[in-house]
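Asker: here is my input; please provide its structure:
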Amino acid sequence: METLIIDTRIRRSRADIAVLVLGLVSAFLVLWVTLSHQGSWPGYGEMVASLPHPVAWLRWVLGDISEVAFYKHELASLGLLSGAYLAWWASKRGKTWQGFSISYGTGLWPWLVTSSLLGLLLSNLLWGWSVTSETWQPTFAAFVSLPAAMVLMFGGGWKVTLTGAVLGASLVTPMCLLVVNFVCVPLGLPAVIGNVVGMAVGSVIAFVLCRRVPSLVRSDYVPLVKPMPALPPTYGVVWSLRRVLADFSEAPFFSNEWASLGLLAGVLLAYALNPISPAYGSGLLLPLLGAQALTSGLGVLIWRQQWIKRGWYPTYVPLVSVVPAAVLSHGGSWTVVVSSALLGALIAPPLACAIAGRLPAHFHPYIGNVTAMALSTLLVVPLIGWFIQT
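Answerer: Okay, the predicted model is just below:
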């Protein structure tokens, strides 16, 4: 028996090493192909102008992984996945430096990220034809919505993982396409409103379907290795800073400092290589980052008692909705940065909590979060526009 346990541990260690090596090789290939093809790191405009060239498509699909934070860059995406894997590796071994337990300590991160990535690939295969050099489309939506939520609701295993990926690509992404192109574009609304409304509507349909046909998500998966829990929270200054950092990777359901550090390191490297490469070539990455950190920091400070009472609170909501929409719509002035961060922190988290708390039990609470993103963005962004024009 002891020999069997040792052999199993060796195989798992080899699998960990294999995944890490595969990730590093993939990152190297992306860097090498991009630089050898372009001679220097191309900007966002150059990338979309090169579509449908295979290198441009590779960059587009990889960029989808970090699009929820409005970075849309392959280096940010690779950093996010690398940091998340490090956090998962540390959680399995009970390392004290693992940060907040990745994916809420469920042990489901491998299945969650697999379902999200499969949903992303399938979305681009099904709907990538709609992307042109002149037309942005929300092909990223499945990566940060239904697939991950279904794994968290119903557990791991290939049935749930594949069902989540297929429903995400077939329900969420087309719903986002419809709302963005036929509501947001004609009315001049920020595209993020269409993205999150599409996620909410598509997910509601999917969860109703799963309730009617439970065999779609009936899982007999039993985890072989349970992750070791992180240290209990203290809710002091250090915890608050860590919480702000973790909010940057909350939208893809990672919620971990290492994942966020990888994301931020990747996007800052992208900015250093070419300032008009990340954030859709806007050149507004630095004020965007500052506003995102500020709104999360204010949210954690203002709603600290809610964090203590509930154990979790959606302070990340304005970080991926109100704030980036305001900065990209109205510029990176201090007025826009501070006002969007403050209003987002005050309005979005309690609204998200209120909506999520009223959802039926068979709906994942994230539906309340994305609904709050739409409502708070619809309220705050025009208000800031009116304020800076008066």
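
Asker: for the closest residue in space to residue 69 that isn't next to it in sequence, give me the pLDDT.
Answerer: Spatially, and ignoring its direct neighbours in sequence, residue 69 is nearest to residue 320 (6.0 Å; CB to CB, 6 or more residues apart in numbering). (Each C-beta comes from the backbone N, C-alpha and C, glycine too.) Looking at residue 320, its pLDDT reads 98.

Asker: in contact with residue 320, which residues are there?
Answerer: Applying CB atoms under 8 Å, 6 or more residues apart in numbering, we find residue 320 in contact with 68, 69, 70, 192, 250, 251, 373.

Asker: so who does the closest residue to the fifth one other than its chain neighbours touch?
Answerer: Spelled out, that is residue 250. Spatial nearest neighbour of residue 250, excluding adjacent residues (CB to CB, 6+ apart): residue 316 at 3.7 Å. Residues near residue 316 by CB under 8 Å, 6+ apart: 247, 248, 250, 251, 296, 299.

Asker: residue boundaries of the helices in the stretch 151-300 of the chain?
Answerer: With DSSP state H, counting those that start in this stretch, the ranges of helices along the stretch 151-300 of the chain come out as 158-167, 173-179, 185-187, 191-212, 237-247, 257-273, 285-302.

Asker: residue 47 is nearest to which of those?
Answerer: Nearest of these to residue 47, taken as CB to CB: helix 257-273 at 11.6 Å.

Asker: report the angle between the closest one and helix 285-302.
Answerer: 160 degrees (axes from the mean of the first three to the mean of the last three CA atoms, to 10 degrees).

Asker: what's the angle from helix 257-273 to helix 237-247?
Answerer: Orientation check (the same axes, to 10 degrees): helix 257-273 against helix 237-247 gives 60 degrees.

Asker: list the buried residues in helix 257-273.
Answerer: Neighbour-count burial for helix 257-273, counted by 16 or more other CB atoms under 10 Å, picks out 257-271, 273.

Asker: let me see the contact set for the residue nearest the centre of the chain.
Answerer: Most central in the chain under CA atoms, centre = their mean is residue 252, positioned 3.2 Å from the mean C-alpha point. Applying CB under 8 Å, 6+ apart to residue 252 gives the contacts 65, 68, 80, 116, 143, 144, 148, 259.

Asker: any idea which of these is closest to residue 198?
Answerer: Using CB to CB, residue 144 is the member of those that lies nearest residue 198, at 11.7 Å.

Asker: contacting residues for that closest one?
Answerer: 68, 116, 199, 251, 252, 253.

Asker: most neighbours, which of the residues you listed?
Answerer: Within the contacts of residue 144, most neighbours by other CB atoms under 10 Å means residue 199, with 31 neighbours.

Asker: residues near the residue nearest to it when sequence neighbours are not counted, how many?
Answerer: Nearest residue to residue 199 in three dimensions, chain neighbours excluded: residue 145, at 4.2 Å (CB to CB, 6+ apart). Residues near residue 145, counting by other CB under 10 Å, number 35.

Asker: correct me if wrong: residue 145 contacts residue 202.
Answerer: Yes: the criterion here is CB atoms under 8 Å, and residue 145 meets it with residue 202 at 7.4 Å.

Asker: between these two, which contacts overlap?
Answerer: 168, 172.

Asker: now the helix or strand residue 336 falls within: buried residues?
Answerer: Using DSSP states H and E, residue 336 sits in helix 334-356. The neighbour-count criterion (16+ other CB under 10 Å) identifies 336-337, 339-353, 355-356 as the buried residues of helix 334-356.

Asker: how about stretch 200-209?
Answerer: For stretch 200-209, burial by neighbour count (16+ other CB under 10 Å) applies to 200, 201, 202, 203, 204, 206, 207.

Asker: can you list the low-confidence ranges for the chain?
Answerer: 1-39, 224-226 (pLDDT under 70).

Asker: one more time with 80
Answerer: Residue ranges of the chain with pLDDT under 80: 1-40, 219-231, 390.

Asker: so which of the helices of the stretch 151-300 of the chain gets nearest residue 43?
Answerer: Closest among these, using CB to CB: helix 257-273, at 10.0 Å.

Asker: what packs against the closest one?
Answerer: In terms of contacts (3 or more CB pairs under 8 Å, 6 or more residues apart in numbering; DSSP states H and E), helix 257-273 is packed against helix 74-92, helix 237-247, helix 285-302.

Asker: can we see that at 10 Å?
Answerer: Packing partners of helix 257-273 (3 or more CB pairs under 10 Å, 6 or more residues apart in numbering; DSSP states H and E): helix 2-38, helix 74-92, helix 237-247, helix 285-302.

Asker: that one vs helix 74-92, what angle?
Answerer: Relative orientation of helix 257-273 versus helix 74-92 (the same axes, to 10 degrees): 160 degrees.
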